[in-house]
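Visitor: Please work out how this folds:
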Amino acid sequence: MRARAANSIGAHDEALRGYRVALALSPGDMTLAARALDEGLAAGDRPLALTAARALEKAGKLRVDGRLLLLGEALRNREWRAAGIHIDRIEEDEVFSFLAPLLRAWAAQGSRKGDPVAILTAIKDNPLAATYAVEQKAFLLLAAGRKAEGLAALGPVLAQAGTRSARLRIAAAAMLARKGDKTAALGLLQGDSEPIMIARRIVESGKTLPGALSDAASGSAELLVRIAIDLNAQNVPALALDFARLGTFMAPDNSEAWIVTGELLAASDQHGSALAALAAIPAGDPFAGSVEDSRIGLLLASGRSDEALALAKAETESRPNDASGWTRLGDLLSQTERSGEAADAYGRALALVRADSGSSAREWTLLLRQGGALTQAGRWPEGKKALEDAYKLAPEEPIVLNYLGYSQLERRENVAEAERLIREAARLQPDNMAITDSLGWAHFLRGDLSIKEHLGDAYFKAGRRFEARYAWQAALVHAEGGAVARLTAKVDAGLRPELAAP
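Guide: From the prediction side, this is the model:
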């Protein structure tokens, strides 16, 4: 009861303790074992999950997630007969039977019994299995030393992999490098993303590149992580988390398994657990740096802003010539209302971009951020100059037009020119509520109270119901004729199509 109560309020550590004790006291309680398995998988407690899964298997009540857990243990321990039995049982599952030939292929690769590629090639009557087999076949060919065939099969996979492309490139490169083919490995590591560049340096230095699908367990883990991603895309987050956790159990050095696990936990507001998942990625891993933004965001969400800032500053100072790092630090300082420091960070980023002959798009974006931070810090003359410089570079960017215009309106400076800027922003983005708000304020300053009704309609559509009624009530002060009834109806019952301002 204590474990279930703890679970219901998100106290997962307490829930784990309760299930461990309860399962030890009553190992034959299958309802308890099923709940312990669920909690063990979700929380990443492998010993608890294994204990529960073995109890359920003994009673003949093991689900597919528990079966995959036991299969992972068999693969890691090279217990091929047991692995075969588990795969046979998975094949009997109504939903996840498609996994069987894919897992069987990796077991064949690990045991050196049978042709794993032939197993995948034989898949014909299961379209879902065939879809996943395309990716798995490429890696099985590389694992078998069939480099030319493997790289040929990998090409179409990389073309469709999207955000996973870097992970798959690094996994394949790690496999080639371990077989002594440094040239082929470097051929895959082309690009300027941070993980790819780090992986390239590791291979060039002769060190071991992590992430290879070097055995049956790591290959199977990669498959489960891919399925976790797909399950999450289909809005099945709990099951997706189970598969991602299973991937971390099978291959603890698979950084993508930890990243996906962290993302799933963060999405369910389990920030502490998500941080723990990301912390499992070692410092030397190619993806270690790319998850810093996620880690910083999780610290902020957990109310640990000082730690988030310390981490961001340390990361930025370790790479002082990285404009993106200074930009990230500026954003974080802005979020924590340290506007003056944020402006300085944006200034560092801006100097680096200009020195590197960076694009005008990056420059105006940084000028806009710097101008906003300077303005918030009470340094309006400097802020105005930065905003005007952004406007010179991006005269048709609605966000620049609106920010520069509204900032001047707030200070009653250049009111006519400020209104012109906002009108232009509204022309470019007529459905932007923030710009509509600014335009309404410009009309108000000019004494045009009729705009209040339109502003109220805009507020209502944006979900700002209190402000909408306030605007309609203000418009009522000077309303005449049919406008009185229309405005009164909106104040009383809200906006309906027939009550929209003419």
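Visitor: who's in contact with the lowest-mean-pLDDT helix or strand in the chain?
Guide: Ranked by mean pLDDT, DSSP states H and E, the weakest helix or strand in the chain is helix 451-461, scoring a mean of 75. Residues outside helix 451-461 that contact it (CB atoms under 8 Å, 6 or more residues apart in numbering) are 433, 436-437, 439-440, 443-444, 465, 467-472, 474-475, 479, 483, 487, 490, 494-495, 500-501. From N, CA and C alone the C-beta is placed, and that goes for glycine too.
Visitor: can you rerun that using 7 Å?
Guide: For helix 451-461, the external contacting residues (CB atoms under 7 Å, 6 or more residues apart in numbering) are 433, 436, 440, 443-444, 467-468, 471-472, 474-475, 487, 490, 494-495, 500-501.
Visitor: same thing with stretch 180-196?
Guide: Outside of stretch 180-196, the residues within contact range by CB under 7 Å, 6+ apart are 147, 166, 169-170, 172-173, 176-177, 199-200, 203, 286-287, 289-290.
Visitor: Then stretch 485-496?
Guide: Among residues not part of stretch 485-496, those counted as contacts by CB under 7 Å, 6+ apart are 453, 456-457, 460, 469, 472-473, 475-476, 479, 499.
Visitor: Going by neighbour count, list what's buried in it.
Guide: Within stretch 485-496, the residues scored as buried using 16 or more other CB atoms under 10 Å are 486-487, 490-491, 495.
Visitor: Out of those residues, flag the one nearest to residue 28.
Guide: residue 495 (62.1 Å; CB to CB).
Visitor: Show me how far the least confident helix or strand of the chain is from its chain's centre.
Guide: Helix 451-461 sits 35 Å away from the centroid of its parent chain (CA atoms, centre = their mean, to the nearest Å).
Visitor: Please name every helix or strand in contact with the helix or strand following that helix.
Guide: Proceeding C-terminally, helix 451-461 gives way to helix 465-476 as the next helix or strand, assigned by DSSP states H and E. When contacts are defined as 3 or more CB pairs under 7 Å, 6 or more residues apart in numbering; DSSP states H and E, helix 465-476 sits against helix 451-461, helix 482-493.
Visitor: May I see the ones you listed organised as TSV, with distance to residue 320 added?
Guide: As requested, the helices and strands packed on helix 465-476 are exported to TSV (distance: least, CB to CB, whole Å):
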stretch	distance to residue 320
helix 451-461	45
helix 482-493	56
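Visitor: Select only the buried ones of the contacts of stretch 485-496 in PyMOL?
Guide: To isolate the buried members of the contacts of stretch 485-496 in PyMOL, using 16+ other CB under 10 Å:
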select buried, resi 453+456+457+460+469+472+475+476+479+499
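Visitor: hmm, which two among the contacts of stretch 485-496 are most spread apart?
Guide: Comparing all pairs in the contacts of stretch 485-496 by CB to CB, the longest separation belongs to 460 and 479, at 17.0 Å.
Visitor: how much space is there between residue 169 and residue 116?
Guide: Here residue 169 is placed at a distance of 22 Å from residue 116 (CB to CB, to the nearest Å).
Visitor: And residue 387, by the same measure?
Guide: Taking CB to CB as the measure, residue 387 and residue 116 are separated by 61 Å.
Visitor: and if you look at residue 200?
Guide: 29 Å.
Visitor: Compare those two and say which is more crowded by neighbours.
Guide: residue 116 (28 against 20; other CB atoms under 10 Å).
Visitor: Okay, the more buried one and residue 79: tell me how far apart.
Guide: Using CB to CB, one gets 18 Å for the distance from residue 116 to residue 79.
Visitor: what does residue 139 give?
Guide: Distance, residue 139 to residue 79, by CB to CB: 22 Å.
Visitor: And residue 276, by the same measure?
Guide: The spacing between residue 276 and residue 79, counted by CB to CB, is 29 Å.
Visitor: May I have stretch 93-113 as PDB, with CA atoms only?
Guide: Output in PDB follows, covering the C-alpha atoms of stretch 93-113 (Å, rounded to 0.1, in the frame of the first residue of the first chain):
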ATOM      1  CA  ASP A  93       2.800 -12.400 -28.500                       C
ATOM      2  CA  GLU A  94      -0.100 -10.900 -30.400                       C
ATOM      3  CA  VAL A  95       1.400  -7.400 -30.700                       C
ATOM      4  CA  PHE A  96       5.100  -7.800 -30.600                       C
ATOM      5  CA  SER A  97       5.600 -11.000 -32.600                       C
ATOM      6  CA  PHE A  98       7.300  -9.000 -35.300                       C
ATOM      7  CA  LEU A  99      10.300  -8.600 -33.100                       C
ATOM      8  CA  ALA A 100      11.100 -12.300 -33.200                       C
ATOM      9  CA  PRO A 101      13.000 -12.600 -36.500                       C
ATOM     10  CA  LEU A 102      14.900  -9.300 -35.800                       C
ATOM     11  CA  LEU A 103      16.000 -10.600 -32.400                       C
ATOM     12  CA  ARG A 104      16.700 -14.000 -33.800                       C
ATOM     13  CA  ALA A 105      19.100 -12.500 -36.300                       C
ATOM     14  CA  TRP A 106      21.100 -10.700 -33.600                       C
ATOM     15  CA  ALA A 107      21.200 -13.900 -31.600                       C
ATOM     16  CA  ALA A 108      22.500 -15.700 -34.600                       C
ATOM     17  CA  GLN A 109      25.200 -13.100 -35.100                       C
ATOM     18  CA  GLY A 110      26.300 -13.400 -31.400                       C
ATOM     19  CA  SER A 111      26.300 -17.200 -31.300                       C
ATOM     20  CA  ARG A 112      27.800 -17.600 -34.800                       C
ATOM     21  CA  LYS A 113      25.100 -20.200 -35.500                       C
END
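Visitor: Sweet, I'm off.
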